[in-house]
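1. sequence? don't have it. structure:
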């Protein structure tokens, strides 16, 4: 009888261990999927929920005890801006300067470093005040939570991200798929010179732009200049034309499927390298 009980005990132990391992693997898979989803979108600030006065006071006291200071008061107006997570870097765009820092996540916990900023001055005092505020409070984010993500169809999902802060404040952000998520492929970096004058496509299909590809060596010296060619206007994304300037831009090139099983390049603006006034 004692051998039977011993056998049952050993069997039960193995069963519990297997179940525990299965749960841990599932949790690890979900955590990895959420981290992938976090980097798959650009997060646009939609709503800020300020803590109630009692909650804010308690959080401020705790924050003061933990960090030696409380969070600054929010500006009168919280304008929308974008947050992106890429590998181990977090960046803020849509204000006056670009802010960036490092981040790590562990389960529902998020840790963001002190933010670095470019040094461009902005004529809008309200935007500058918001930028300073965001740079100070973003490192106080403590928790993050995703909702509405279909990990099998990231490009078709409309997820939300909630960031919870040390003082009880919450930010709700809406995700828009990055170009890499949208096209489901790694991009190729290229340089294009763009003629800002919109033209009629030679095949009569609508509006076109005239561009040519440039190549540079490791020292940044131009080595090749390709021929001018037309692309449809919607093949260049995220770039605003200025009719008074010709520009050289760095782009991320993706291939997009079109009718009849053909592919065409789509260029996503990454940065403007050079501009030249048109006389």
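-> Here it is on my side, so go on. All figures in this text were calculated on a predicted structure; none of them were measured in a lab. Residues are numbered from 1 along each chain as shown.
2. show me where the stretch 1-150 of the chain has helices.
-> Secondary structure of the stretch 1-150 of the chain by DSSP state H, counting those that start in this stretch: the helices cover 2-39, 53-67, 125-137.
3. outside of stretch 264-277, which residues touch it?
-> Residues outside stretch 264-277 that contact it (CB atoms under 8 Å, 6 or more residues apart in numbering) are 179, 183, 187, 189-192, 211, 231, 235-239, 242, 244-256, 258. In short, each C-beta sits where N, CA and C put it, glycine included.
4. show me what the nearest residue to residue 47 once chain neighbours are set aside is bridged to.
-> Excluding the flanking residues, the one nearest residue 47 by CB to CB, 6 or more residues apart in numbering is residue 172, at 4.4 Å. With DSSP bridges applied, residue 172 shows beta-bridge pairing to residue 47, residue 162.
5. residue 172 against residue 164, yeah?
-> No: judged on CB atoms under 8 Å, residue 172 makes no contact with residue 164 at a distance of 10.4 Å.
6. among the contacts of stretch 264-277, name the buried ones.
-> Neighbour-count burial (16 or more other CB atoms under 10 Å) is assigned, among the contacts of stretch 264-277, to 179, 183, 187, 190-192, 211, 231, 235-236, 239, 246-254.
7. among those, name the ones in strands.
-> 190-192, 211, 231, 236, 246-254 (DSSP state E).
8. what's the farthest-apart pair in those?
-> Of all pairs drawn from those, the greatest distance, 24.1 Å, lies between 246 and 254 (CB to CB).
9. could you tell me which strand of the protein is the longest one?
-> The chain, longest strand under DSSP E: strand 263-277.
10. can you give me the buried ones in that strand?
-> Neighbour-count burial for strand 263-277 flags 266, 267, 268, 269, 270 (criterion: 16+ other CB under 10 Å).
11. tell me the one of those residues nearest residue 226?
-> Once CB to CB is applied, the member of those that ends up nearest residue 226 is residue 267, at 13.4 Å.
12. tell me what that closest one is bridged to.
-> Beta-bridge pairing for residue 267 (DSSP bridges): residue 236, residue 253.
13. what sits against residue 190?
-> Neighbours of residue 190 in contact, by CB under 8 Å, 6+ apart: 213, 250, 251, 253, 267.
14. before we move on, what about residue 134?
-> 81, 92, 95, 99, 115.
15. return the member of the residues you listed nearest to residue 160.
-> Nearest to residue 160 out of the contacts of residue 134 is residue 81 (CB to CB; 16.0 Å).
16. give me the number of residues near that closest one?
-> Per other CB atoms under 10 Å, the neighbour tally for residue 81 reads 18.
17. residue contacts, it?
-> 44, 45, 92, 93, 94, 95, 130, 134.
18. look up how far residue 198 lies from it.
-> Distance of residue 81 to residue 198, computed by CB to CB, to the nearest Å: 30 Å.
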